[in-house]
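Engineer: got a sequence here, can you build the structure:
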Amino acid sequence: MTVEHPSERLVGRYARGEVDIPADEVWAVESHLESCAACRARLADVVEGSTAALVDVVWADLEPKLLPQPRRRRHLPRVLAAWVTPAMVPWLAMTTMVALLALAFDRFSQSPDQISLVLLVAPVLPVLGVAASWAKSLDPMHEIVASTPRAGLYLLLRRTVAVLLVVIPTLVAISGWDSATALWLLPCLAFTTATLALGGLVGITRAAVGLIAVWVAVIVAPTVVLDQPPFVLHENGLPVWGALCVLGALVVVARRSAYTDLGARR
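Structural biologist: Predicted coordinates:
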């Protein structure tokens, strides 16, 4: 018995999946393909050619979109963006503004013997920037950054250094570099390390807010009300501030593994 093979045109239409082929012809082709290896090879050749043509069409459409595009300008320079986040910029600007307002208050105060407001706010100014550098609610990219391999203490220290590089020169420019600089510089560093040390336990933002609240309630408010120099900002207290700074740094180093999960905290 002579076997009738489907025509090349019918095999091609079947391979392309044309929907207007009569149902009986589709059934006949499929039934024949089950028992005819030669026709299956013909079908494979047609499918291969159709697939290659489809790939060429798709690639011609995608190739212009996959070519390297010119880099978009970033809001921050590359080096600066590696150390700070866009969320830190307004907070650093606010910190600088607070220092300038404190200086203006000191300059235009009617009482020349009044305690310097710059000296009162200087110890906690870096804490504001440190809190902003790792605040989940302020940084829209916080979850992504916190999941990167370099997240944790390494990235937190980089951002803390960026804050200090802005705040400390600003305070030096405002108050000058003299023998009284240590009265606010050591407390600045002590509060910064204390924020990092407590941040490993309760989160950076909570630690910063707590330390600022304690400083305002215990030192700033009584000093402003009583108009007396604070006992903690005296030359005799510098060794204590230095010891607190060293102690905070030791706690940070000893608990460095605790900073890898700060992404789950505020």
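Engineer: point to the helix or strand of this protein where mean pLDDT is at its lowest.
Structural biologist: Here the helix or strand of the chain ranked lowest by mean pLDDT, DSSP states H and E is helix 78-81, holding a mean of 55.
Engineer: and the helix or strand just after it, what other elements does it pack with?
Structural biologist: Using DSSP states H and E, the helix or strand that directly follows helix 78-81 along the chain is helix 88-107. Packed against helix 88-107 by the contact rule (3 or more CB pairs under 8 Å, 6 or more residues apart in numbering; DSSP states H and E) you find helix 117-121, helix 125-133, helix 153-175. The C-beta positions use only the backbone N, C-alpha and C, and glycine is treated the same way.
Engineer: in the very next helix or strand once past the last one, which residues are buried?
Structural biologist: Once the chain leaves helix 153-175, the next helix or strand it forms, by DSSP H and E, is helix 182-202. Of the residues in helix 182-202, those scored as buried under the neighbour-count criterion (16 or more other CB atoms under 10 Å) are 183-200.
Engineer: again with stretch 162-170
Structural biologist: Ala162, Val163, Leu164, Val166, Val167, Ile168, Thr170.
Engineer: out of the residues you listed, who's nearest Leu125?
Structural biologist: Taking CB to CB as the measure, Leu125 lies nearest Val167 of those, at 5.2 Å.
Engineer: report how many residues lie close to the residue nearest to Trp184 when sequence neighbours are not counted.
Structural biologist: Leaving out its chain neighbours, the residue that sits closest to Trp184 by CB to CB, 6 or more residues apart in numbering is Ala122, at 3.8 Å. Close neighbours of Ala122, defined as other CB atoms under 10 Å, add up to 27.
Engineer: related to what we said a few turns ago, looking at the helices and strands packed on helix 88-107, which is nearest to Val225?
Structural biologist: Across those, Val225 has its closest neighbour in helix 117-121 (12.3 Å, CB to CB).
Engineer: residues contacting the residue nearest to Trp184?
Structural biologist: Residues near Ala122 by CB atoms under 8 Å, 6 or more residues apart in numbering: Ala99, Leu171, Ser175, Trp184, Pro187, Cys188.
Engineer: pretty sure the last one sits against Val167.
Structural biologist: Spelled out, that is Cys188. Yes. Contact criterion CB atoms under 8 Å: Cys188 and Val167 qualify, at 7.3 Å.
Engineer: Cys188 versus the residue nearest to Val172 when sequence neighbours are not counted, what's the distance?
Structural biologist: Once flanking residues are discounted, Val172 sits nearest to Thr181: 7.0 Å by CB to CB, 6+ apart. Counting by CB to CB, to the nearest Å, the separation of Thr181 from Cys188 is 10 Å.
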